[in-house]
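*Asks:* using only what follows, build the 3D model:
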Amino acid sequence: METQQSTGTQQITVTRTPWWAKIVIGVVVIGVLFFLLGRADLLPGIPNPFEEKTTDRSGPVLLKSIQDMNRFEGASGNFEVVVDLDKDAKFLPDFIRGKRTLYVGAGSVDAYVDLGSIGENAVTVSDDRKAAAIRLPHAALERTSLDTKNSYVVSQQRGFFDRVGDFFGSNPGNMQQMNELAAQKIQDAAKQTELATRAETNTRSMLQQMLTSLGFTTVSVTFGPPSATPVPAPSASASASASAS
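*Replies:* Sure, this is the predicted structure:
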């Protein structure tokens, strides 16, 4: 709405904002305030009208290849580690620039014996086919399988600039680094356990039971590098035995 007033030779024009424009501006301002307060988690108990909704529209899973597994999984260990990662600036205090994250990583490591690498001289059978001697490679550890459902961030302290950066964008690289650190620590811990030894014991027991059911009375299973000469089969009169190198 416009009104004009004339005072002598000077004309003054006054423009008033329409009522509907005021309503639109008010709604926009309220919407922006809700959005900012919701992103900053300053509205506890009040649903965020701008909360994102995730819809999975992924396509079907395609089978790329199938590989035969020549391994016997003899043992599996479950682990949990607390990763304490502290990132800070060299010349700035932590409340200005810095991030410290406490992360609980859960995962498992399997120990296996590679049966596909057995050579020609690794298995010997006695003439009466009652005794057998088998030499296998030592058990090895699979890579850590991280359990993402049971891995989580316990707490996170962030400086001012880190909060601003996280406000305007996500930081998937930080979570990836936490997962990699947790997986590596679990892998190192698995090497210090008896997981490989347990896998060899279970593999030996499995082979003894299987060959005994096939009619063998003596089964010797050893682990280690293959020898230059064939491993002699034990005598059939001996009792079923197993030795580890």
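*Asks:* show me what contacts residue 202?
*Replies:* Going by C-beta atoms under 8 Å, 6 or more residues apart in numbering, residue 202 touches 74, 75. C-beta: built from backbone N, CA, C; applies to glycine.
*Asks:* give me that answer again for 10 Å
*Replies:* Applying C-beta atoms under 10 Å, 6 or more residues apart in numbering, we find residue 202 in contact with 72, 73, 74, 75, 111, 113, 139.
*Asks:* now it: which helix or strand?
*Replies:* Applying DSSP states H and E as the criterion places residue 202 in helix 195-213.
*Asks:* so for stretch 178-193, what gets flagged as buried?
*Replies:* Neighbour counts over stretch 178-193 (16 or more other C-beta atoms under 10 Å) mark 178, 179, 181, 182, 183, 185, 186, 187, 189, 190 as buried.
*Asks:* and the pLDDT at the fifth one?
*Replies:* The predicted structure scores residue 183 at 94 on the pLDDT scale.
*Asks:* do residue 136 as well
*Replies:* Looking at residue 136, its pLDDT is 92.
*Asks:* for it, give the beta-bridge partners.
*Replies:* residue 223 (DSSP bridges).
*Asks:* residue 139: neighbour count?
*Replies:* Applying other C-beta atoms under 10 Å, we find 25 other residues in the vicinity of residue 139.
*Asks:* my guess is it contacts residue 223, does it?
*Replies:* Yes - here residue 139 reaches residue 223: they are 7.3 Å apart, a contact under C-beta atoms under 10 Å.
*Asks:* so what sits against both of those two?
*Replies:* With C-beta under 10 Å, 6+ apart as the test, residue 139 and residue 223 both reach 113, 196, 197, 199, 200, 201, 203.
*Asks:* confidence score at the second one?
*Replies:* Residue 196 carries a pLDDT score of 93 in this model.
*Asks:* any chance of the buried residues of stretch 178-193 in TSV, plus secondary structure and distance to residue 151?
*Replies:* Listed next are those as TSV, based on DSSP: H, G, I helix; E, B strand; the rest coil; distance: C-beta to C-beta, whole Å:
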residue	secondary structure	distance to residue 151
178	helix	8
179	helix	7
181	helix	11
182	helix	7
183	helix	10
185	helix	12
186	helix	10
187	helix	15
189	helix	15
190	helix	16
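*Asks:* residue boundaries of the strands in this protein?
*Replies:* Listed in chain order, the strands of the chain (DSSP state E) span 2-7, 10-15, 71-88, 98-114, 123-125, 131-136, 140-141, 145-146, 152-158, 218-223.
*Asks:* which regions of the chain sit below the pLDDT cut-off?
*Replies:* Applying pLDDT under 70 to the chain flags residues 1-17, 19, 33-52, 68, 86-100, 157-173, 226-245.
*Asks:* skipping adjacent residues, who's closest to residue 140 in space?
*Replies:* Nearest-residue entry for residue 140: residue 112, 6.2 Å, with adjacent residues in sequence omitted and distances by C-beta to C-beta, 6 or more residues apart in numbering.
*Asks:* tell me the spacing between the one you found and residue 136.
*Replies:* Between residue 112 and residue 136 the distance, using C-beta to C-beta, to the nearest Å, works out to 11 Å.
*Asks:* how about the contacts made by the residue lying closest to residue 70 once chain neighbours are set aside?
*Replies:* Spatial nearest neighbour of residue 70, chain neighbours left out: residue 116 (2.8 Å); criterion: C-beta to C-beta, 6+ apart. Residue 116 makes contact with 68, 69, 70, 71, 137, according to C-beta under 10 Å, 6+ apart.
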